[in-house]
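1. Pasting the sequence and the predicted coordinates here, then a few questions.
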Amino acid sequence: MKNTKLPDTVVLADGAFPEHEIPLECLRKASRIICCDGAAGSLVKFGLTPLAIVGDCDSLEPAIQKKYSDRIFKDTDQETNDLTKAVKWCRAAGYTELVITGATGKREDHTIGNISLLAEYIKTVKVIMVTDTGIFYPFTESCRVPSVKGQQVSLFAIDPETEITSSGLKYPLINRKLRNWWEATLNEATGDHFELKFEEGKVIVFMEF
C-alpha cells in the first residue's frame with residue numbers, strides 16, 4: 001500500500017464492515033461511495049454518506065430507505081448479486097476504477113463468490129478488493145506486481161488449465177497449472193516486485209498488508 005494511489009470510487013458491500021485502518025482510510029478518502037443495499041446503514045453509522053445505494057433493497061433499513069430515497073437504485077435481477085449490480089451501476093455512471101471493500105466476512109459462501117467475481121469485473125473495470133488483511137488483485141494477462149520483501153502472497157487461478165510461471169517469489173511456479181485453490185497459497189515475495197507469466201486465463205493475487 002505504500003505510495004500506492006488508490007481509486008477514489010469505493011463500492012461498499014454488505015459483508016463485515018471494515019475494521020483495519022487501510023480499508024477504513026479508503027472509505028474516508030473516497031470521493032464517492034456506492035453502497036450495496038444494506039451496507040448503507042453501516043456506512044451512515046460510520047459517519048459517511050453514500051452517493052448511491054444499489055441492490056434489491058431487501059436488507060435496507062426503513063429509516064435509511066426514507067432518508068436517502070433520492071439515491072436508491074433498485075435492481076431486482078435475481079440472476080446476479082448486489083455487488084455485481086453496484087459494479088454495473090458504477091460502470092454505467094462512468095466510474096471505471098474501483099475499490100471494493102466490505103465484501104468478506106459474515107458468510108463464507110458470499111466471501112468466496114465475491115472474490116471470484118473480481119475475475120469477471122476486470123473485463124470492464126479496473127478493480128481491487130481491500131479486506132482487513134490485504135488486497136486482492138485480478139489479472140487477465142502476464143503482470144509485474146509491486147511488493148515488499150517478505151510480503152505474503154497467494155495466487156488463485158479461475159481456469160485450472162492456465163499455465164503460470166513466476167519470478168520473484170520464494171516458491172517459484174514453472175508452467176504450473178493450479179488444480180485447486182490451495183496450491184499456490186502462502187508464497188512470499190523476495191523483493192520489490194514479482195512477475196507472473198501466463199498466456200491466457202484469469203488469475204487473482206492476494207497480498208497481505
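-> Yep, it's here.

2. Please count neighbours and contacts with C-alpha atoms only from this point.
-> OK.

3. Check the offset of the helix or strand of the chain with the lowest mean pLDDT from the chain's centre.
-> When the helices and strands of the chain are scored by mean pLDDT, DSSP states H and E, helix 62-67 comes last with a mean of 92. Centre-to-centre, helix 62-67 and its host chain are 27 Å apart (C-alpha atoms, centre = their mean, to the nearest Å).

4. Other residues contacting it?
-> A40, G41, I72 (C-alpha atoms under 8 Å, 6 or more residues apart in numbering).

5. For the first one, identify the helix or strand it belongs to.
-> In this case it means A40. helix 39-46 (DSSP states H and E).

6. domain assignment for the chain?
-> Segmentation of the chain into domains, based on automatic domain parsing, reads 9-134, 140-208.

7. The residue nearest to T131 when sequence neighbours are not counted: neighbouring residues, count only.
-> Nearest non-adjacent residue to T131, counting by C-alpha to C-alpha, 6 or more residues apart in numbering: T101, 6.0 Å away. When neighbours are defined as other C-alpha atoms under 10 Å, T101 has 25 of them.

8. ok, now which ones touch the closest residue in space to P146 that isn't next to it in sequence?
-> Leaving aside its sequence neighbours, P146 sits nearest to H193 (C-alpha to C-alpha, 6+ apart; 4.2 Å). H193 sits next to R144, V145, P146, S147, V148, G168 when contact means C-alpha under 8 Å, 6+ apart.
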